[in-house]
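Participant: Sharing a sequence plus its predicted fold:
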Amino acid sequence: MNENDNEDLRVALVSGGSRGIGAAVTIGLTQRGCRVGCTYRTGRDEAEKLTANAPDQVLPIHFDLHDDTTATSAVEHVVSHWGRLDSLILNAGQWSGGRLNATKPDAWWSVIETNLRGTVALARAALPHLANGTSPSIVLVSSVVGVIGHPGDTAYASAKSAMVGFGRSLAKEVARDGIRVNILAPGFVATDMTDAVPASARRRIEQDTVLGRFGTVDEIAKAAVFLSEDATFCTGSVLTVDGGWAL
């Protein structure tokens, strides 16, 4: 464990924390004074840039959604480095679209496994340490399509819907240990992933969104930080942050 002048600083682990929403969450937590383990699979350079901007607060860690052993090692790396774990933000995931009858079964189930396996493995590995944390919390980053559905997204929506059920059930299991578990359901957000959305589809989404635009990663990160740090009487909640798209 590294020495730190302030042992009261909270420690968080953010999966998929090197880019997009995850990077914004990592930055938001460091601005709150938290120390953050930031996991990446291929975005090592991005993770190291975050570390360079906050060298005493960000710890880059390799994590692969397909490999359960990296979940255990990621958690152990954070705990051995800072001696504790107070918050887990489960953001890592993968989108793959396609209508049911146009998606091969193996590809369909791969989306389910990719989005759920790493989430469950990290939660399982973190629980014993969170139970010893201060105001411990878990935030699962799901999606609004997992709440209301979306054509062409049956696999992804199924995975994100399962995260809602998993999170709400886990909230009941771990409340006795003082651990809060909440679910964040973002809508359409401007990221490198949504840059590929065709202009016509983007216009339809914006027209269907009450606020008339895509969200920003910073707006989603603020909600994630709220659930992680400030929502001390919330557990099992699903917070939809979609600009009114689901209304």
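Facilitator: Sure, I can see it.

Participant: Sketch out the low-pLDDT regions of this structure for me.
Facilitator: 1-7 (pLDDT under 70).

Participant: now the strands: where do they sit in this structure?
Facilitator: For the chain, applying DSSP state E gives strands covering 11-15, 35-40, 58-62, 87-90, 137-141, 180-186, 238-241.

Participant: Can I get those strands in TSV including distance to Val75 and mean neighbour count?
Facilitator: C-betas here are computed from N, CA, C, even on glycine. Compiled in TSV, those are given as follows (distance: least, CB to CB, whole Å; neighbours: other CB atoms under 10 Å):
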stretch	distance to Val75	mean neighbour count
strand 11-15	7	29
strand 35-40	8	28
strand 58-62	9	22
strand 87-90	8	29
strand 137-141	12	26
strand 180-186	16	26
strand 238-241	25	18
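
Participant: just so I know, which of those strands lies nearest Thr154?
Facilitator: Of all these, it is strand 180-186 that lies closest to Thr154, at 17.2 Å by CB to CB.

Participant: residues in contact with that closest one?
Facilitator: 21, 135-144, 146-147, 160, 163-164, 167-168, 170-171, 174, 215, 220, 223-224, 227, 231-232, 234-242 (CB atoms under 8 Å, 6 or more residues apart in numbering).

Participant: Drop the exposed ones from those residues and show what's left.
Facilitator: When these are checked for burial by 16 or more other CB atoms under 10 Å, the buried set is 21, 136-144, 146-147, 160, 163-164, 167-168, 170-171, 174, 215, 220, 223-224, 227, 231, 235-242.

Participant: Show the contacting residues for the spatially most central residue of the chain.
Facilitator: Central residue of the chain (CA atoms, centre = their mean): Asn91, 1.7 Å from the mean position. Applying CB under 8 Å, 6+ apart to Asn91 gives the contacts 14-17, 21-22, 25, 141, 224.

Participant: and the lengthiest helix in the chain with strand 35-40, angle?
Facilitator: Secondary structure assigned by DSSP state H gives helix 105-130 as the longest helix of the chain. If you take axes from the mean of the first three to the mean of the last three CA atoms, to 10 degrees, helix 105-130 sits at 160 degrees to strand 35-40.

Participant: who does helix 105-130 touch, helix- and strand-wise?
Facilitator: In terms of contacts (3 or more CB pairs under 8 Å, 6 or more residues apart in numbering; DSSP states H and E), helix 105-130 is packed against strand 11-15, helix 68-82, strand 87-90, strand 137-141, helix 154-174.

Participant: repeat that for 10 Å
Facilitator: Contact here means 3 or more CB pairs under 10 Å, 6 or more residues apart in numbering; DSSP states H and E; on that basis helix 105-130 packs against strand 11-15, helix 68-82, strand 87-90, strand 137-141, helix 154-174, strand 180-186.

Participant: just the CA coordinates of the second one, formatted as CSV?
Facilitator: So the one you mean is helix 68-82. Taking Å, rounded to 0.1, in the frame of the first residue of the first chain, the C-alpha atoms of helix 68-82 are listed here in CSV:
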residue,chain,number,x,y,z
ASP,A,68,-13.0,-13.3,-14.9
THR,A,69,-9.5,-13.5,-13.5
THR,A,70,-8.8,-9.9,-14.5
ALA,A,71,-11.8,-8.8,-12.4
THR,A,72,-10.2,-10.2,-9.3
SER,A,73,-6.8,-8.8,-10.1
ALA,A,74,-8.3,-5.4,-10.8
VAL,A,75,-9.9,-5.2,-7.4
GLU,A,76,-6.9,-6.5,-5.6
HIS,A,77,-4.7,-4.0,-7.4
VAL,A,78,-6.8,-1.1,-6.1
VAL,A,79,-6.9,-2.5,-2.6
SER,A,80,-3.2,-3.3,-2.4
HIS,A,81,-2.4,0.2,-3.8
TRP,A,82,-4.7,2.3,-1.6
